[in-house]
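Visitor: Predicted structure and sequence below. I'll ask about it afterward.
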Amino acid sequence: MVLRSAFLVLIASALTGCAESRTASTPTSQGPYRAAAAPTNPVKGEPTYRHVVAADHEIASKAGLEMLRKGGNAVDAAVAASFTLSVVRPYSCGIGGGGFMMIHLKRHPKITGLPRTIALDYREVAPSWARADFFETDPKLKDDPAASTNGAHAVAIPGTVAGLLDALEKFGTLSREAVMAPAIRAAEEGFVVDADYMRAVASSNVARGAKEAGSQFAEFRTIYLLNGRVKEGDLLKQPAQARALKLIARDGAKAFYSGEIASAIRSVLGAGGANVTLAELAAYRPRELLPLTTSFQGKKVFAFPPPSSGGIVIVQTLGMIEARREEFDSFDYDSSPQIHFLTEAFKHSFADRSRFLADPAVTDIPVLNLTSQANTRDLASRIDLSRTQPIESYGSNIPRAAAHPPTDSGTSHLSAVDSWGNAVACTETINLQFGSLVVVPGFGFLLNDQMDDFTTRRGTPNAFGLRQDDRNLPAPGKQPLSSMSPTIVLSGETDTSPVELVVGGSGGPWIITGTLQVLLDCVTYGIPASKAVAQPRIHHQWMPNTLRIEPEIADSTEGSGKQTRTVRAGLESRGQELKLGKSECVIQAIRRSPSSPGRFEAGSDPRKGGKPAGE
Ligand code: DON
């Protein structure tokens with residue numbers, strides 16, 4: 001307390017006349033959550049579970065729970081939920097896409113060598129036709145800005161089936177048939193179109209497929225738009241996808257990567273002018289990566305390594321908070337000093353994302369330098385609590401290794417825990433809503449448009465406004481940089497510490513800032529999982545230089561008496577440029593209950609209408 005007051009005096013004297021001197025030292029009318037006073041009492045009304053799955057669709061959460069009831073572990077549950085999402089959130093993820101799965105195995109009678117944490121990377125890879133300058137120079141596509149988001153050239157080789165079945169074989173306990181049964185059932189019996197589905201139908205990515213005459217998107221329109229007649233409340237069955245799922249359940253990954261399904265993928269892409277060989281489909285393999293780790297508030301954090309950019313941004317941002325811990329703890333929750341600090345930290349780490357990150361398999365990424373304590377302390381020391389900086393000045397002052405010579409919605413996150421203490425954070429995507437809009441004939445599933453996550457046109461931002469480096473140019477077999485950030489936090493520094501938080505989300509670059517904020521909500525501010533995922537949020541990705549903020553935060557007031565003002569005014573006085581609007585990310589989180597030993601809280605973000613299932 002004495003230390004904290006000393007810090008406040010220090011800040012106040014350094015910034016005499018500035019907002020911080022008032023805001024940091026006076027209580028505000030903000031919400032009940034303060035770093036300095038995180039609630040330790042049981043939170044009334046928050047359900048807890050001994051095992052639970054939080055997906056962004058209740059049918060998928062229930063598919064996971066069905067596996068836990070059968071005695072399956074968190075991996076079985078996650079794989080069942082994921083295959084089911086392919087059916088019930090077909091615009092977000094699916095067997096035509098890819099993903100990242102963070103698996104923390106603590107204890108299981110059938111698995112040895114535990115505890116262990118694995119970052120399983122089953123992101124798509126660029127096909128053999130993908131040259132670095134393809135989208136800039138191909139005569140047919142160079143003038144078509146949608147070439148990397150709609151149609152055959154938007155599609156990278158899918159990884160989801162290989163990844164899920166690899167996870168199941170190595171770390172799961174139930175049979176393929178058992179974990180795939182709920183997905184096949186959902187595809188055959190159908191699911192009810194909800195408001196979120198209709199939101200996806202109305203998205204800009206779909207507009208072209210909905211209107212364009214000809215056959216390229218005809219199957220998409222028939223299956224997913226019911227020829228323009230789809231509406232909330234309709235029962236949508238997917239018999240063709242059920243066929244694909246049944247073949248996979250019977251024959252495993254080879255059913256997808258060779259044989260009938262592979263031939264159908266090759267043929268539909270070939271018809272669109274993108275030549276993908278059967279050999280490159282058959283060669284797809286997931287990668288087992290070492291997670292990035294950091295310590296935050298005495299807890300071990302497992303974050304996803306490149307080709308995710310999310311892990312590095314999260315580790316850097318947490319490092320910047322730790323470097324200026326006492327000041328950070330003095331800020332009120334969602335106050336202008338706290339949001340200013342986070343925004344400045346995001347600008348530094350997103351500037352690094354833009355300059356340094358790409359697929360580590362083909363490009364040198366200075367991961368250790370970027371995430372070192374020395375570097376995060378340096379970045380933190382450059383945050384001015386009273387002012388923004390010139391936009392070009394953000395980012396790490398470390399040498400940029402030479403870029404490799406040229407040779408870089410729809411997403412869904414689910415979190416699962418079982419009663420042994422194992423946990424899975426899994427984020428999967430087909431990129432934009434309904435991916436490339438290309439449906440695999442006879443099998444009814446959508447192919448991704450992950451090619452747009454590469455730097456397809458140098459100097460031009462991608463669909464998420466992200467500017468990316470030449471390191472992220474396409475090349476055969478290369479993975480595009482991703483923002484997916486499945487994250488697991490343990491309650492102590494050692495690998496044997498129980499799981500504290502399983503979190504991640506969807507929404508392009510918003511995934512990273514959303515995941516980070518929910519991590520802070522749960523770990524630093526003690527907010528229960530179901531409330532944390534619903535909290536209003538902010539987002540900054542360095543460029544465009546705009547702080548996106550939900551009105552609930554911007555319009556709230558801080559300070560007292562004559563010094564009362566809105567958070568918005570506090571941020572603008574520091575030079576932040578604000579844009580008010582809804583958060584574009586959707587987070588699913590599971591948090592260890594602080595009050596019921598061995599039990600977990602779970603939250604599916606109300607923004608997408610999901611619901612956890614557990615008991
Ligand atoms: O991997 C990525 O970063 C993007 N393909 C994610 C896209 C996404 O989250 C779209 N959203 N809802």
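Guide: Happy to help now that I have it.
Visitor: need the contact list for whichever residue of the stretch 501-615 of the chain sits closest to the ligand.
Guide: When CB to the nearest ligand atom is the measure, the stretch 501-615 of the chain has its nearest residue to the ligand at Ser506, with 4.0 Å between them. Just so you know, the C-beta spots here come from the backbone N, C-alpha and C atoms, and that holds for glycine as well. Shown in contact with Ser506 (CB atoms under 8 Å, 6 or more residues apart in numbering): 56, 92, 409-413, 427, 429, 585-586, 608.
Visitor: so can I have CSV of those showing distance to the ligand?
Guide: What follows is these, written out as CSV (distance: CB to the nearest ligand atom, whole Å):
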residue, distance to the ligand
Asp56, 10
Ser92, 6
Ser409, 2
Gly410, 5
Thr411, 3
Ser412, 8
His413, 9
Thr427, 8
Thr429, 5
Cys585, 8
Val586, 7
Lys608, 9
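Visitor: what's the lowest-pLDDT member of these?
Guide: The member of the contacts of Ser506 with the lowest model confidence is Ser409, at 61 (criterion: pLDDT).
Visitor: List, one by one, the residues from the stretch 301-450 of the chain near the ligand.
Guide: By CB under 6 Å from any ligand atom, the part of the stretch 301-450 of the chain that sits against the ligand consists of 409-411, 429, 431, 450.
Visitor: Need the three-state assignment for Ser419.
Guide: coil (DSSP: H, G, I helix; E, B strand; the rest coil).
Visitor: which residue packs closest to Thr371, ignoring adjacent ones?
Guide: If you skip the residues right next to it in sequence, Thr371 has Val315 as its closest partner in space, 4.6 Å away by CB to CB, 6 or more residues apart in numbering.
Visitor: mind checking pLDDT for that neighbour?
Guide: According to the prediction, Val315 has pLDDT 98.
Visitor: Which residues are in contact with it?
Guide: Taking CB under 8 Å, 6+ apart as the contact definition, Val315 lies against 292, 294, 301, 303, 371, 376.
Visitor: and with 7 Å instead?
Guide: Val315 is in contact with 292, 294, 303, 371, counting by CB atoms under 7 Å, 6 or more residues apart in numbering.
Visitor: I'd like the next helix or strand past the strand or helix carrying Thr222.
Guide: For Thr222, the enclosing helix or strand under DSSP states H and E is helix 218-224. Per DSSP H and E, helix 218-224 leads on to strand 235-236 as the next helix or strand towards the C-terminus.
Visitor: Touching that next one from outside, list them.
Guide: 190-193.
Visitor: how about the residues of the stretch 501-615 of the chain near the ligand?
Guide: 506-508, 511.
Visitor: Could you dump these into JSON lines and include distance to Pro486 and secondary structure?
Guide: Formatted as JSON lines, those follow (distance: CB to CB, whole Å; DSSP: H, G, I helix; E, B strand; the rest coil):
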{"residue": "Ser506", "distance to Pro486": "11", "secondary structure": "strand"}
{"residue": "Gly507", "distance to Pro486": "14", "secondary structure": "coil"}
{"residue": "Gly508", "distance to Pro486": "15", "secondary structure": "coil"}
{"residue": "Ile511", "distance to Pro486": "9", "secondary structure": "helix"}
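Visitor: Need the max-distance pair from these.
Guide: Distance extremes for those: the farthest pair is Ser506 and Gly508 at 8.1 Å, using CB to CB.
Visitor: Need the three-state assignment for Ile118.
Guide: Per three-state DSSP, the secondary structure class of Ile118 is strand.
Visitor: residues touching the closest residue to it other than its chain neighbours, list them.
Guide: Excluding the flanking residues, the one nearest Ile118 by CB to CB, 6+ apart is Ile103, at 4.7 Å. For Ile103, the contacting residues are 75, 117-118, 120, 167, 171, 424, by CB under 7 Å, 6+ apart.
Visitor: next one: phi and psi at Ile103?
Guide: For Ile103, the backbone dihedrals are phi -120, psi 120 (criterion: degrees, to the nearest 10).
Visitor: Pull up the gap between it and the ligand, please.
Guide: Ile103 sits 19 Å away from the ligand when distances are taken as CB to the nearest ligand atom, to the nearest Å.
Visitor: next one: Ala200
Guide: Taken as CB to the nearest ligand atom, the span from Ala200 to the ligand is 9 Å.
Visitor: what about that residue, which helix or strand?
Guide: Short version, using DSSP H and E: Ala200 is in helix 195-201.
Visitor: which outside residues touch that helix?
Guide: 91, 225, 230, 232, 433-434, 608-609.
Visitor: redo that, cut-off 6 Å
Guide: Contacting residues not belonging to helix 195-201 are listed as 91, 232, 433, 608-609 [CB atoms under 6 Å, 6 or more residues apart in numbering].
Visitor: Report the buried members of the residues you listed.
Guide: Applying a neighbour-count criterion of 16 or more other CB atoms under 10 Å, the buried members of the contacts of helix 195-201 are 91, 433, 608-609.
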